[in-house]
Structure formats: C-alpha cells, structure tokens
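J.: I'll drop the sequence and a predicted model, then ask my questions.
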Amino acid sequence: MNMADRNPADFPVDVILYPGHDKAIRQVLAELAQKCPVEFLLLAGVSGQPIAFEGDKRDTNLSALGALLAGDLAASQEIARLTDQYQSYQMILREGRLSTIFLSEAGPFMVLFARVDHEVPLGWARMLILETCRQLADIASARPDELKSLDLGLHEKDLSSLIGESLDSIWSG
Amino acid sequence: MQINWQLRELNLKIVYYGPALSGKTTNLEQIHARVDPTHRSDLISLKTHEDRTLFFDFLELELGRINNLTPKIHLYTVPGQSYYEASRKLVLRGADGVVFVADSSPEFMHANKVAWGDMNIHLASHGIALEGLPVVLQCNKQDLVYAVDPQTMKNLLNLYNIPTVSAVALRGEGVLDTLKLITKGVLTHLQQQQVYA
C-alpha cells in the first residue's frame, strides 16, 4: 500500500522538528496566510502539541486548541476508517457566520487549522490549504543536515531529578 | 513526543487511563487546582450532559527552562464508560507514558482488570508494546474502609515491576507523586531510547 493512502493511526507519531524545518514551515505558513488570505493558522502534531502559528490568534489558548484539533482529527479519521472512506490529506470544513474553518491533515504527523474569512471562495481556500499541507508534509519528512551539531541536553543524568524539582516548585500543596 | 530544536522544546504526552469513575479526571482537577496558574493551561474537558468525560480532559504543564530545555507535559484522561471504547483508543495514540488509575474498592477489581486488558489491546493497535512504555499504577481511593491494598492490587492485576502510588486523589494525596513518577519514567525511557539523537 502506498504510504500516502495509509491511515495516520498506523504511523508512529513522534514529531521531531529541526531548526531548518522550523524556518521552512514558518515560510510556507506565511505564504498561505498572504495568498489565500487566511486570518489565523495553527500547525500542530497529531498528538496535539502546537508547532507553529501565523496570523491573529486573538486570545486563543494554542495548547488547548492543539489538543482539540488532534482529538477532532483522530475522531474523523476513525469515522472514515469505520466507514471505509479514509483517504490521505482529508479535510474537515466548518462554515461559520464570519469565518470558515478548515482542519486538514498535513501528512501523517501533523494537522493544520486555518480560519478563513467567509468571503474567500471555499474552493480557492481548499486548494491552497491542501497544497500547503503537502508542502508541510514534505518539509517534515526531509532529513536535516545539521544533526551532528545539535544537542538538546537530554543525556544529562540529573534531568529527571531537575524536572522533579521543577514540579515540586510549581505545586502549591 | 514532539521535539522542537529551534525552541528547544520537549513536549510529552501522558495519558491517565482506567475504569469508569476511578478518579482520572479528579487527578487532573487536583493538578489544575494545585499548580501555579502561570505554569499551566486551563483544564479543557469534553463532558456529557451528565458531567462524565465524553472524549478527554486536557491540561498542559509548563515547567520553565531546565538545562536550556523547555519541557511541556500534556496530560490527558480517557472516558471511562464502556460505551466510549473507540475514544479511549484514540486518546492513547502518541502517548509517551500512561498512568493507570485503578479503583481500590473490592468490587472494582474486575473492572480494573478489564480496563488494563483493553488498554493493552489499544496500545498494541497503535504499535506500542507495553514493555516499552513507561506506566505508573495509581491505586486510588485508598481511604475507603475496605480498600484493597496496593500490593494485593498489583498481584490481582499481575503487575509486578510497575511503579505504584497509593492515592486519595479527591484530597490530592498521591497526585503529585504519581505525576513525578510517570514524568521521570518517560524521561528515563527517552534517554535510553536516544530517539532525539
């Protein structure tokens, strides 16, 4: 079976973004925001962690939105699977009074949320968003050149205890 | 898990799993109530009209800079009611660690066992082997008069090498210990796997 036709539930969901990825992702999002135009974009991992945003986020809690997007997409994928209708880059559309919301897979590991003014033609927005999602998937799957120079400090032996101390410090008892 | 090298951000997903009414949402409510508001998100709950978890609860903890790294912990619960089997499976997707919240009432031992078995099946469907996943067993409601003690519960569930916490989540007892233990387990696992390299 072609990778693109597989349900993302079959993939591992670790998303590792390197500095080169980050820059390219932001550029692609900025281009979409300008070209469509899009009011607000949020790219998140399929487990819900926000990756990048573009545009007017107002007072939206990105972490909460990311978690809900992941849940929404996962439910939609499962519905498609149960009814034998799954296809890659599936999109969910919500028409509102002032804005239209698009929620689309961006490859197997990411989901893109886009809030578009209701005056933007749906077909135009849909085409551009899908194109962007394919670009984003390509970016995330590219192997970076900078691997050897990167160090997150995760090998530190005392990291667990430092995080334990941090949890203690934010806990009011 | 998600790593963003540019932001030096490590995002971890921890799922609270267990039978209906065992105290999964209570754990998150206690964490939400006791953690400094500047270090946590709002508690998001997708509930039914009867105030039961419909899809999941969600809470994010931000620990600040540690060793030039910003860890963020994303906590989820699953709906416990048997009707929401499919939703439980979805929430487990991408989990870096699981807290199994067991109910210590004697009459709940069968429900604990069934939930544990179902969790294993769901994890396997996501390609996650239980042996490779950090898990903490929280024996909740230990304040009940006839509460089954944690060691007996471990024996009943055939869980011998899993870290266990005795808890009364409603009073916040054992909640932080559980969170620290699972976070430590996830980080140790991550370091052993060296998936970030």
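T.: Yep, that arrived.
J.: Tell me where chain B has strands.
T.: Shown for chain B, the strands assigned by DSSP state E span residues B:2-4, B:9-17, B:44-47, B:53-62, B:70-77, B:97-103, B:135-140, B:164-166.
J.: Kindly report the same for chain A.
T.: Assigned by DSSP E, chain A shows strands spanning A:15-17, A:40-45, A:50-55, A:91-95, A:99-105, A:110-117.
J.: Which parts of the chain are helices?
T.: As the question left the chain open, I've gone with chain A. Assignment of helices within chain A using DSSP state H yields the ranges A:19-35, A:62-82, A:122-141, A:159-170.
J.: hmm, I had chain B in mind actually
T.: The residue ranges that make up the helices of chain B, judged by DSSP H, are B:24-34, B:85-92, B:109-125, B:150-156, B:175-193.
J.: tell me which helix or strand of the chain sits lowest on mean pLDDT?
T.: By default, I'm working from chain A. For chain A, scoring each helix and strand by mean pLDDT, DSSP states H and E identifies strand A:15-17 as the least confident one, at a mean of 79.
J.: what does stretch A:164-173 rub up against?
T.: B:34-36, B:39-40, B:61, B:63-64, B:66, B:71, B:172, B:176, B:179-180, B:183-184 (C-beta atoms under 8 Å, 6 or more residues apart in numbering or on different chains). Using the backbone N, CA and C atoms, a C-beta is placed for each residue, glycine as well.
J.: So which residue of chain B lies furthest out from the middle?
T.: Most distant from the centre of chain B: B:Gln6, at 28.5 Å, with distances by C-alpha atoms, centre = their mean.
J.: Okay, and the beta partners of residue 40?
T.: Going with chain A. Here A:Phe40 sits in beta bridges with A:Gly55, A:Arg115, as judged by DSSP bridges.
J.: wrong one, I was asking about chain B
T.: Beta bridges link B:Arg40 to B:Leu61 when assigned by DSSP bridges.
J.: Next: B:Val101.
T.: According to DSSP bridges, B:Gln138 are recorded as the beta-bridge partners of B:Val101.
J.: who are the neighbours in contact with it?
T.: For B:Val101, the set of contacting residues under the criterion of C-beta under 8 Å, 6+ apart consists of B:16-18, B:22-24, B:27, B:138, B:140, B:169.
J.: okay, now the closest residue to B:Ala102 other than its chain neighbours: neighbour count?
T.: Spatially, and ignoring its direct neighbours in sequence, B:Ala102 is nearest to B:Asn112 (4.5 Å; C-beta to C-beta, 6 or more residues apart in numbering or on different chains). Applying the criterion other C-beta atoms under 10 Å in any protein chain shown, we find 24 residues in the vicinity of B:Asn112.
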